[in-house]
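[1] Model the following, please.
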Amino acid sequence: MVLTDAALLKGRDAVDVCRRAVSGGATMIQARLKSAPARELAALARALVSALPVPVLVNDRVDVALAVGAAGAHLGQDDPPLDALRPRLPPGFILGLSVGSREEADRVAAWPADYWSVGPCFPTATKPDAGAPLGTAGFAALARRAPPGVPVIAIGGITAERAAALAAADAAGVAVTAAVFGASDPAAAARALRAAFDGPLESPPGARGR
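    Numbering: from 1, shown residues only. This next block holds a predicted model:
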């Protein structure tokens, strides 16, 4: 998952950056503009929904996600509670949830989330209030507290060099901002993350030296 960040665009078009990220292997995009008014977030999300072949989520704003036809929304611990929202939403609407501590994990364990986003795994400059880094072991410990069948993705300071360790810690995926949105070549950056997370391809039976 790639999260948008206006501060990292440096004159580029957000939709084009996301399109390139998808071409490199990103499988989900989250429209995230923390300090922007709702109409600006809605305009970005609508454009992404129209342009991309992968699901688009909207950070924090379920109302915006519904208005623009996004696939779902991502909620933080301070947003309206997911368990109260779920019955009011259409079938198939994706709801993701941020989890950053054991206390938060226990609080939301019974909520019907489609996935957990656990972090920050490592120091990150794109979310100053993210909290203390968990590290790979801390991520793995929190991931084990997720309800059975709920995939857990890792977020916070993730690079291609760190992705393989998180995959080994049973992450279902990774969410990144700077690693792709801040890259000069978003497609290549997404491709490197995807390759690192997926690991080396197994050689077919009987193959040698490949």
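
[2] Please tell me I have it right and E161 contacts A196.
    Yes: the pair E161 / A196 is scored as a contact, 7.2 Å apart, by CB atoms under 8 Å. Quick note: C-beta positions are derived from backbone N, CA and C, even for glycine.

[3] So for those two, which sits in the more crowded spot?
    Counted by other CB atoms under 10 Å, E161 and A196 do not tie: A196 has more neighbours, with 20 against 11.

[4] Backbone dihedrals for V56, both of them.
    Main-chain dihedrals, V56, degrees, to the nearest 10: phi -110, psi 130.

[5] Show me where the protein has its strands.
    2-3, 29-31, 56-59, 72-75, 94-99, 115-118, 152-155, 173-175 (DSSP state E).

[6] How far away from the center of its chain is the second one?
    Read that as strand 29-31. 8 Å (CA atoms, centre = their mean, to the nearest Å).

[7] got it, and the fourth one?
    Between the mean C-alpha location of strand 72-75 and the chain-wide mean there is a distance of 10 Å, by CA atoms, centre = their mean.

[8] who's in contact with that strand?
    If you take CB atoms under 8 Å, 6 or more residues apart in numbering as the criterion, strand 72-75 is touched by 30, 32, 55, 57-62, 64-65, 82, 85, 93-98, 114, 117.

[9] What are the boundaries of the helices in this structure?
    Counting by DSSP state H, the segments of the chain that form helices are 14-23, 38-51, 62-68, 82-85, 102-108, 135-143, 160-168, 178-181, 186-198.
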